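Chemist: would you be able to build a 3D model of this:
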Amino acid sequence: MDIDEIIAPAAIMPGLKAASKRQALQELAARAAKLTGIDERQIFNVLLERERLGTTGIGQGVAIPHGKVEGLKRVVGLFARAERPIDFDAVDEVPVDLFFLLLAPADAGAAHLKALAQVSRLLRDAGFCEKLRGAANADALAALLIRKAAA
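Modeler: As a prediction, this is how the structure comes out:
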């Protein structure tokens, strides 16, 4: 499964306005609801429950909120760049400005894990993350994400 199979241009948010972890999850859930047709509150609750298990802030200003959602038909991704870094309880305590939301069908097994592993590898590349931070707009972000994933 490639990044371009799980993320569409409409799923790229270059200006996340949230000032807190909760607000970030709410904004991500709202956009994901528009993309999937799944109830925003349902998505938000899945994300919140996952965060209660442990932070999805993986370090270096990156978070990968994720979860399994009833009614979803396929793995869906959403990328967001925050206007200002947010305290996200990341493992390295660095505020987060890059988010890659992953939602999977409730019965997804390997597909969910493969997508999570791929996104994690992609966003552990510090140089690539700096390019994402410097991208001018959603089109530039999409081009970077799809090009890097194909490489």
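Chemist: what helix or strand does the residue lying closest to Ala8 once chain neighbours are set aside sit in?
Modeler: Leaving aside its chain neighbours, Ala8 sits nearest to Leu35 (7.3 Å; criterion: Cβ to Cβ, 6 or more residues apart in numbering). C-betas here are computed from N, CA, C, even on glycine. Here Leu35 sits within helix 21-36, counting by DSSP states H and E.
Chemist: and that helix, what's buried?
Modeler: Within helix 21-36, the residues scored as buried using 16 or more other Cβ atoms under 10 Å are 21, 24-29, 31-33, 35-36.
Chemist: now do the helices in this protein.
Modeler: Counting by DSSP state H, one finds helices in the chain at the ranges 3-6, 21-36, 40-53, 110-123, 126-134, 138-150.
Chemist: turn those into CSV, columns for distance to Arg84.
Modeler: What follows is the helices of the chain, written out as CSV (distance: least, Cβ to Cβ, whole Å):
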stretch, distance to Arg84
helix 3-6, 25
helix 21-36, 11
helix 40-53, 20
helix 110-123, 19
helix 126-134, 12
helix 138-150, 17
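Chemist: kindly compare burial across those and name the winner.
Modeler: helix 21-36 (a mean of 19; mean count of other Cβ atoms under 10 Å).
Chemist: what's near enough to touch Ala82?
Modeler: Ala82 makes contact with 16-18, 24, 96-99, according to Cβ atoms under 8 Å, 6 or more residues apart in numbering.
Chemist: quick one: pLDDT of it?
Modeler: The model reports Ala82 with a pLDDT of 97.
Chemist: in the sheet, who's paired with the spatially most central residue of the chain?
Modeler: With distances taken as Cα atoms, centre = their mean, the residue of the chain nearest its centroid is Phe100 (1.7 Å). Under DSSP bridges, the beta-bridge partners of Phe100 are Phe79.
Chemist: wait, isn't it in contact with Arg124?
Modeler: No. Counting by Cβ atoms under 8 Å, Phe100 sits too far from Arg124 to count as a contact (11.5 Å).
Chemist: list residues touching both of these two?
Modeler: Both Phe100 and Arg124 are contacted by Val62, under the criterion Cβ under 8 Å, 6+ apart.
Chemist: grab the nearest non-local neighbour of Ile146.
Modeler: Closest to Ile146 by Cβ to Cβ, 6+ apart is Asp4, at 4.8 Å.
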